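K.L.:
predicted model and sequence below, questions to follow.
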Amino acid sequence: PVNLFEQFQRVANAYFLFLLILQLIPEISSLSWFTTIVPLMVVFTITAVKDATDDCFRHKSDNQVNNRQAEVLIDGRLQNEKWMNVKPGDVIKLENNTFVAADLLLLSSSEPHGLCYIETAELDGETNLKVRQALPVTSELGPDIRRLAEFDGVVVCEPPNNKLDKFTGVLFWKDNRYSLNNEKVLLRGCVLRNTDWCFGMVIFAGPDTKLMQNSGRTKFKRTSIDRLMNTLALWIFGFLVCMGIILAIGNSIWEHQVGAHFRIYLFWNEVVNSSVFSGFLTFWSYIIILNSVVPISLYVSVEVIRLGHSYFINWDRKMYCPQKDTPAEVRTTTLNEELGQIEYIFSDKTGTITQNIMTFNKCSINGKTYGDVYDDLGRKTEINEKTVPVDFSFNPLADRKFQFYDHSLIESIKLGDAMVHEFFRLLSLCHTVMSEEKNAGELIYQVQSPDEGALVTAARNFGFIFKSRTPETITVEEMGKLVTYQLLAILDFNNIRKRMSVIVQTPDGQIKLYCKGADTILFERLHPSNEELMSLTSDHLEEFAGEGLRTLALAYKNLTEEHFKEWFKILQEANTSVDSRNDYLAAAYEEIEKDMMLLGATAIEDKLQEGVTETIASLSLANIKIWVLTGDKQETAMNIGYSCHMLTDTMNEIFIVASHTGMEVREELRKAKEHLFGQSKDLSNSHVFCEKMQESKQDSVLEETVTGDYALVINGHSLALALEGDLENEFVEVACMCKTVICCRVTPLQKAQVVELVKKHRKAVTLAIGDGANDISMIKSAHIGIGISGEEGMQAVLASDYSFAQFRYLKRLLLVHGRWSYFRMCKFLCYFFYKNFAFTLVHFWFGFFCGFSAQTVYDQWFITLFNIVYASLPVLAMGLFDQDVNEQNSMDYAKLYEPGQLNLLFNKRKFFICIAHGLYTSFALFFIPYGAFYNTAGEDGKHIADYQSFAVTVATSLVIVVSVQIALDTSYWTAINRFFILGSIAVYFAILFTMHSDGIFVIFPNHFPFVGNARNSLSQISVWLVILLTTVVSVMPVITFQFLKEDLNPTLTDQVRKLQKARRKQKPLQNYMRRVYRTNSRRSAYAFSHQEGFGELITSGKNM
Amino acid sequence: MYYGLSNFYQNHRRYVKSRDDSQLNGDNSSLLNPSKECEPYRTSENKPIAPCGAIANSMFNDTLELFHIDNETRIPITLNKKGIAWWTDKNVKFRNPFGTTNNLTALFQGTTKPVNWPKPVYMLDSEQDNNGFINEDFIVWMRTAALPTFRKLYRLIERKNNLQPTLQAGKYSLDITYNYPVYSFDGRKRMILSTISWMGGKNPFLGIAYITVGSICFFLGVVLLVIHHKYGNRNNSADIPN
């Protein structure tokens, strides 16, 4: 019942209800009440069932999150409580690797000093660990539940907002004031790492949390076809009113001119007694009769088709990920055809494009590369499952997940190559990783950046095992024996230095400096004697970078005792200096990090998800623009851009916008723009004039003129400025002309803003894909949001419209399912409008011959059943199963995707063609029987020119014409299509004969007046001749037109179809994939986290 | 033999629905209490009309008689008044009220004749099986025409034997008892004699239409063939850009 009420709120349904009421007025009613109520009931039932199932699923998934358990301290005891019941003020206990349930004030943790580590990947996409530290006063509370329960501090803080990196507040407790900042707060969506437990007090819960504040509003998404459909429905309605008016005027005139003399036989009703009033009533009557041009079953059919497509996606085995056991899932079933119209893809990086796994892949030690696998003939081979990985079983502490394929490296280690040893020693010493030995032989590293983790793990597997550290020492197990180094200094990483060093003293007293860093930086600081090695390593680095690996150069330096002491003094001075301490420190670091000896270089692979490169390549072939929006830093983002070939060296120019003021951003954008236009046309000298020119032209025109590939990289700061006011246009203009856009360091809200911006300015269909909670806003604001499922966080999936396990399925989703959906939906709509016009307009023509009296041409039952029984299933079958080219070809010829983007298959023009076609058919349908029936008699002389026979003839012709038409339209025949088309005709005749049978008439004489009609008229040969003629005349122009089009001006689709047919006859051709080989310049990315490392923490000894 | 009327809107909505199929089917309760659809021809003088409604009320009631004039003597042509309605109509759709007697006068007790009729329904014909609602002239009239110009079967002229034509060449005269006014609405009455073939009565439209459409199809076929040969192959060999 509630559902019924809701359904009536939809305009369309209310309209039909209105019609129903009209039909109950006897003076107006031109049809019995059941002609509307029966379809309406069917429609309502289907919609209600669908809504109910949808709701059911939604509740299920919501419950899943809401019912997650959290341990809440109630009445001095820990109790399990559902997430939805967590309130501000509660004290919650969190365990390792669990999600934080609400925004918490950290009170105490298992680690010393109230430290705790969190991963914020869900929030901002950064995967490195972050440290949060409780207030000293609260951290004393420790795990003491009793005291925690008594905790009665009051937090005064800012109102809920969406700024993830800021928090200000004050804690009042025991008459003291403690100021709170972001460092003391755990935000919902974070994951607790490397911390056994911690306690926190809930500050914000539920929708107030920063995560939820960031997720943006949920909007009801509709597809552009939906909107077009609504407009068209309005137009049709207008058309309907026009027809109504024409016929009503006709009626008035007729009543006045003809009817007036006809009174003897045709009386006035007692109510109706003037021609004008009669015209008015006729108007409404015709509205009722002709209402089937605004088809009641359209909306529900569209829904059913979409649902069907959704199931096809759900059932697609090629989008099922066996590793994670997750099939693709359609969460919003109403958007499928939009998948065939995507122009912009906004992608998250971490977890979406990349797997968020770093592996040590290759290295170059002392001028020799390791890591490639060669076959017997000395050729480089691809690494695949058959390649034998290095066996690390000699090393009990090896990480089993680590795989390396080059056996020569392990051999040189075993042989005791000094340089190789030094190389791995450096890796095991120069880092800020912390280790933990849970059980014997089980080392766990707490890494701040996954790059470092990868390096240290590599060293560990090759026998240089970093075991533990204290503030002064580092213990390493080198090839089986424990060595303890004195840690003298950590020269920590920062963004400017792009390197880090440690100075250690070996047990035999030697002082050594180990340094790793970005190659460009490091190479400047090498000893001149390294020239030769440097160029060799350089070549290797280039090679690594060409494969999209992240590279680091490693170097060492032997120090003398005196030199070190001297320098240490400088360092301490710098340390103690009050102002500009950082500058002094940097200078001191600079002082010691020079004249180093190059050891080699490492190459880390930021593992891309499977098939990302191919996916991106074919998507860009399909003219889809891909923007990467990531919270990561610029270097990382660009690196990924290179490794998945979104950025290439063949690009004409890569614009990097990274400025801090609006003016600078404007300047950079302008420069970029000038560059873009400079290539394609001569810039006029006057700047102002130039700008005016640009403005006067349409964006799209400009886009055409730009030749060559460009890319734009912009960081969050500049983006924020670029999104403001007047810069917006400029930004969009430039960005849309670039082939690739990468935005880095963007906040979740900015992601959404970018999406909104493109939506607003380009009127294009956008798709956002992401996996983390930080992508929710983007997913929600884009036309289509896709969540990558299977990882821990389900937040993005819950907000998304579609979810699947891997990025590469996107290709299939768009190029196959999206394209088909769009194609089918367009065909369906075309046919549907055609069908309804053909069906309904016959009444219009008939109006001229029945005194505009709103007499129907067909039997009322036929009107009732036509749209829901006779003509609905074949068109549904076509909408569900039709395909123009098969899936392999839709993937291979990505260009086939373009009609969708350009909206070619169903637009207003197409609509009018359909209407015209329908009009023509209805014309033929009426006038051919008219001509034939004008003066005729049956075989046995009995008359067949009566109204009922006419009705049966026209109805039969209609059903046959419509079926033939759909048979012509169907390009992919399945058994179901055949069954439905033939079945519909069969059902038509079956129902016809039933309705016209004696039995049913005897039972309801008033409702089935057509008794015996089918038998009598359909046994006449001339009736069949009329039907045949009508069919031929209605279909012939269509065949001609289609033939001409395909013959003279074939579209790409036609060509591919032909090819497909030809290929099916021959033996299937081998499909080969060209591998893209690329030349690349060297890029180094010291992709450590943007924060300073743990260096300070380590040396201060806080965390030990 | 047909009678034809033109400009008579038997397909007007108000007209078409002004009947009660239950009553015509012999339902006794409908007989005395006809459907509202029959208004204003539902009751007259506080008695229900049988058959009610505008269609029945306006029944064609001219009488046509055909004579062959052979040597100044008028030989009436036998006009068969049975077998002009569909079997289903006569036997299923239209039935006289059901009662204990066969006397129609008694069965239609309590009803009155339609306003325009000169005599009640049970006096339409003398024969019992062609009287009342199952009078075939009545049934034919009640099967409303699709178009405002229509003809309805009036009588059948049966062929006596195969040796001579049904109507020999000669002079004929037609006597019309004029009852039915059509002048007011500019109507025309016609009398049509038509021979029946396997395709029904004479109807040139279908033939002309078939010839026209057939020639168009043929012409189009030739044109398309030419076009296909001249231009069609141009694009076939072109390879597809990937």
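P.N.:
All right, it came through fine.
K.L.:
spatially central residue in chain B, please.
P.N.:
The geometric centre of chain B, computed from its C-alpha atoms, lies nearest to B:Lys152 (C-alpha atoms, centre = their mean), at 3.7 Å.
K.L.:
now the strand or helix carrying it: average pLDDT?
P.N.:
Secondary structure from DSSP states H and E places B:Lys152 in strand B:150-153. Averaging the model's pLDDT scores along strand B:150-153 yields 84.
K.L.:
what helices and strands are in contact with that strand?
P.N.:
Strand B:150-153 sits against strand B:2-6, helix B:136-142, with contacts defined as 3 or more C-beta pairs under 8 Å, 6 or more residues apart in numbering or on different chains; DSSP states H and E. (Each C-beta comes from the backbone N, C-alpha and C, glycine too.)
K.L.:
just checking, next helix/strand downstream of the first one?
P.N.:
Counting by DSSP H and E, the next helix or strand C-terminal to strand B:2-6 is helix B:13-16.
K.L.:
what's the neighbour count on residue 115?
P.N.:
In the absence of a named chain, chain A is used. Other residues near A:Leu115 come to 20 when the count uses other C-beta atoms under 10 Å in any protein chain shown.
K.L.:
sorry, should have said chain B
P.N.:
Here the count is done by other C-beta under 10 Å, and B:Val115 has 12 residues near it.
K.L.:
next one: A:Ala205
P.N.:
Using other C-beta under 10 Å, A:Ala205 has 22 neighbouring residues.
K.L.:
same check, this time on the one 4 residues further on
P.N.:
Residues within reach of A:Thr209, counting by other C-beta under 10 Å, total 23.
K.L.:
could you find the closest non-adjacent residue to it?
P.N.:
Distances taken as C-beta to C-beta, 6 or more residues apart in numbering or on different chains put A:Arg188 closest to A:Thr209, at 4.1 Å, once the chain neighbours are dropped.
K.L.:
repeat that for A:Val38.
P.N.:
Taking C-beta to C-beta, 6+ apart, and ignoring the residues beside it in sequence, A:Val38 has A:Thr864 as its nearest neighbour in space, at 5.0 Å.
K.L.:
name the SS class of that neighbour, please.
P.N.:
At A:Thr864 the chain is in helix, as set by DSSP: H, G, I helix; E, B strand; the rest coil.
K.L.:
now the longest helix belonging to chain B: mean pLDDT?
P.N.:
Assignment by DSSP state H gives helix B:204-231 as the longest helix of chain B. Rounded to a whole number, the mean pLDDT of helix B:204-231 is 87.
K.L.:
any chance of the backbone angles for A:Lys607?
P.N.:
Note on A:Lys607: its backbone torsions stand at phi -60, psi 120 [degrees, to the nearest 10].
K.L.:
enumerate the residues of the stretch 751-900 of chain A near chain B.
P.N.:
Residues of the stretch 751-900 of chain A lying close to chain B by C-beta under 8 Å from any C-beta of the partner chain are A:849-851, A:853-855, A:892-895.
K.L.:
now a PyMOL select for only the buried ones of the residues you listed.
P.N.:
To isolate the buried subset of those in PyMOL, counting by 16 or more other C-beta atoms under 10 Å in any protein chain shown, use the following:
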select buried, chain A and resi 849+850+851+853+854+855+892+893+894+895
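K.L.:
which two of the residues of the stretch 751-900 of chain A next to chain B have the greatest separation?
P.N.:
Within these, two members stand farthest from each other by C-beta to C-beta: A:Gly851 and A:Asp892, at 61.0 Å.
K.L.:
so can I have TSV of the residues of the stretch 751-900 of chain A next to chain B showing secondary structure, pLDDT and distance to A:Leu339?
P.N.:
Formatted as TSV, these follow (DSSP: H, G, I helix; E, B strand; the rest coil; pLDDT from 0 to 100; distance: C-beta to C-beta, whole Å):
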residue	secondary structure	pLDDT	distance to A:Leu339
A:Phe849	coil	85	48
A:Cys850	coil	82	48
A:Gly851	coil	79	51
A:Ser853	coil	79	49
A:Ala854	coil	79	44
A:Gln855	coil	82	46
A:Asp892	helix	77	18
A:Tyr893	coil	78	17
A:Ala894	helix	77	14
A:Lys895	helix	78	17
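K.L.:
now the residue nearest to A:Thr209: how far from A:Gly770?
P.N.:
Distance of A:Arg188 to A:Gly770, computed by C-beta to C-beta, to the nearest Å: 17 Å.
K.L.:
so which of those two has more stuff around it?
P.N.:
In this view A:Arg188 and A:Gly770 are compared by other C-beta under 10 Å, and A:Gly770 has more residues nearby, 34 against 25.
K.L.:
ramachandran coordinates for the nearest residue to that one once chain neighbours are set aside?
P.N.:
Counting by C-beta to C-beta, 6+ apart, A:Gly770 lies nearest to A:Asp348, which is 3.4 Å off, once chain neighbours are set aside. For A:Asp348, the backbone dihedrals are phi -80, psi 160 (criterion: degrees, to the nearest 10).
K.L.:
contacts only, for A:Asp348.
P.N.:
The neighbourhood of A:Asp348, defined by C-beta atoms under 8 Å, 6 or more residues apart in numbering or on different chains, consists of A:125, A:628-630, A:751, A:769-772, A:774-775, A:778.
K.L.:
and A:Glu337, by the same measure?
P.N.:
In this structure, A:Glu337 makes contact with A:223, A:225, A:306, A:309, A:818, A:821-822, A:824-826, judged by C-beta under 8 Å, 6+ apart.
K.L.:
what ranges do the helices span in chain B?
P.N.:
Along chain B, counting by DSSP H, helices occupy B:13-16, B:21-24, B:28-32, B:54-57, B:87-88, B:104-107, B:136-142, B:204-231.
K.L.:
now the strands: where do they sit in the stretch 701-850 of chain A?
P.N.:
Here the stretch 701-850 of chain A has its strands, by DSSP state E, counting those that start in this stretch, at A:710-715, A:740-744, A:765-770, A:784-788, A:802-804.
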